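# Kindly return the folded structure for what I paste below:
(one chain, ligands or ions: 2)
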Amino acid sequence: MKKVILDVDTGIDDALGILLATKSGQLDVTAITTVCGNVSLKQATLNTCKILDLLDRPDIPVYRGADAPLIRKGLHEHRIHGEDGIGGALSGVVPAISASEGFAPDIIIDTVMAHPGELTLVCTGPLTNLALALLKCPELTQYVNEVIFMGGVIYGCGNITPVAEYNMYADPEAARIVFHAGFGRLVQVGLDVTRKALLTTDHIARLTDPAIRSYVAESTAIYTKRYEERNGVKACALHDPLAVGVALNSRLVETSLMYVDVETSSRICDGQTVGDVQNRLNHSPNMNVCEQVESEAFLELFIQVLNKE
Ligand code: BDR
Ligand code: CA
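Ligands and ions are numbered 1, 2, ... in the order given. Here you go, the predicted structure:
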């Protein structure tokens with residue numbers, strides 16, 4: 001089984017990514033690390049514990065990470081994810097699971113070093129935890145199997161500014177550290193593909209476990225409404241679950257090796273991921289950019305996994 005750490009800012013779609021990873025039976029989720037993003041670190045951690053409780057997976061440890069971006073103020077997304085970050089679902093639930101002692105960036109370092117060459121990091125929030133791990137241990141890049149991150153957009157428009165995707169915009173300095181760290185395999189799962197992975201109410205109706213179905217329906221309702229207002233499509237974009245999907249089956253996407261940088265000092269373009277599509281900078285590529293996705297196959301996988309006993 002592929003060993004993974006999920007680094008999350010739980011978040012409606014992060015939560016669905018956790019469901020996909022843990023129920024797949026194909027990923028050994030060694031830890032879940034939390035970060036400030038969609039909601040505060042405290043809320044992201046609580047949400048993660050609630051999801052693991054729903055899944056009855058007290059064996060997966062949860063570790064708190066950065067409570068703010070590297071140098072900027074935290075930017076939460078309550079409008080999209082609701083006050084609590086999971087659309088009001090599981091409100092009032094007091095999870096039996098709580099976070100373990102340990103700081104997420106240290107846990108990332110220790111876990112990677114304990115399993116050299118084996119760990120896949122799936123990052124679905126701002127990249128603050130991974131950047132902090134790299135600042136402390138730059139050689140980490142040599143011991144990680146791969147990093148798959150949800151963030152950025154190369155060809156399309158942004159979702160938080162005209163040009164920036166949320167995870168990149170929330171902590172562009174962290175993204176820059178990760179992009180230039182020298183990972184052997186860094187995979188960008190950006191809006192170019194995640195906007196094509198759309199969960200509709202028809203998909204949700206096919207979920208067979210009543211507890212999972214009602215959780216997914218309730219948690220995605222507000223998100224679906226906002227997505228429709230902005231994009232004219234009544235659906236919930238499975239941004240973060242697609243990053244997990246790529247960890248499960250890399251053939252779900254087509255990628256291009258590319259040099260990508262991220263803007264950190266612009267009046268209106270901060271957080272923009274700029275891909276050197278035509279290799280004008282003559283720079284060696286630093287990541288695999290997802291350009292196409294087998295959306296239907298991914299949605300089928302998502303439903304099939306969530307329907308597992
Ligand atoms: C990303 O931003 C967050 O709001 C989502 O959880 C996802 O990780 C999409 O841009
Ligand atoms: Ca997220």
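# And the strands in this structure?
According to DSSP state E, the chain carries its strands in the segments 2-8, 27-34, 62-64, 100-103, 119-123, 144-150, 186-189, 198-199, 236-237, 253-258, 260-262, 273-275, 287-293.
# Buried residues in the second one, which are they?
Across strand 27-34, burial judged by 16 or more other CB atoms under 10 Å covers 27, 29-34. Every C-beta, even on glycine, is put in place using the N, C-alpha and C of the backbone.
# go on, stretch 104-122?
104-109, 111-112, 118-122.
# ok so, going back, dump the strands of the chain to CSV, plus mean pLDDT.
Listed next are the strands of the chain as CSV, based on pLDDT from 0 to 100:
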stretch, mean pLDDT
strand 2-8, 98
strand 27-34, 98
strand 62-64, 98
strand 100-103, 98
strand 119-123, 98
strand 144-150, 98
strand 186-189, 98
strand 198-199, 97
strand 236-237, 95
strand 253-258, 98
strand 260-262, 98
strand 273-275, 98
strand 287-293, 98
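# Could you give the separation of stretch 234-243 from the chain centroid?
10 Å (CA atoms, centre = their mean, to the nearest Å).
# Does that stretch reach ligand 1?
Yes. Stretch 234-243 lies within reach of ligand 1 by CB under 6 Å from any ligand atom, at 239-240.
# Between its first and last residues, how far does that stretch reach?
22 Å (CA to CA, to the nearest Å).
# neighbouring contacts of it?
If you take CB atoms under 8 Å, 6 or more residues apart in numbering as the criterion, stretch 234-243 is touched by 8, 11-14, 16-17, 19-20, 122-124, 148-150, 189, 191, 193-195, 197-201, 220, 223-224, 227-228, 245, 252, 293, 298-299, 302.
# ok, which of these also contact ligand 2?
Among the contacts of stretch 234-243, the residues within reach of ligand 2 (CB under 5 Å from the ion) are 11, 14, 124.
# Mind giving me the PyMOL select for those, buried ones only?
Selection of buried members from these for PyMOL, criterion 16+ other CB under 10 Å:
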select buried, resi 11+14+124
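# want to throw the ones next to ligand 2 among the contacts of stretch 234-243 into a markdown table with distance to Met258?
A markdown table is the format used below for those (distance: CB to CB, whole Å):
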| residue | distance to Met258 |
| --- | --- |
| Gly11 | 27 |
| Asp14 | 26 |
| Thr124 | 21 |
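# show me what contacts Pro58?
Applying CB under 8 Å, 6+ apart, the residues near Pro58 are 52, 96-97.
# Mind listing what's buried along stretch 225-240?
So for stretch 225-240, counting by 16+ other CB under 10 Å, buried means 227, 235-240.
# Just the terminal-to-terminal distance for that stretch.
First-to-last distance for stretch 225-240 - CA to CA - comes to 18 Å.
# Mind picking the lowest-pLDDT entry from the buried residues of stretch 225-240?
Ranked by pLDDT, those bottom out at Tyr227 (90).
# Quick one: residues contacting it.
So, once contact is read as CB under 8 Å, 6+ apart, Tyr227 ends up touching 233-237.
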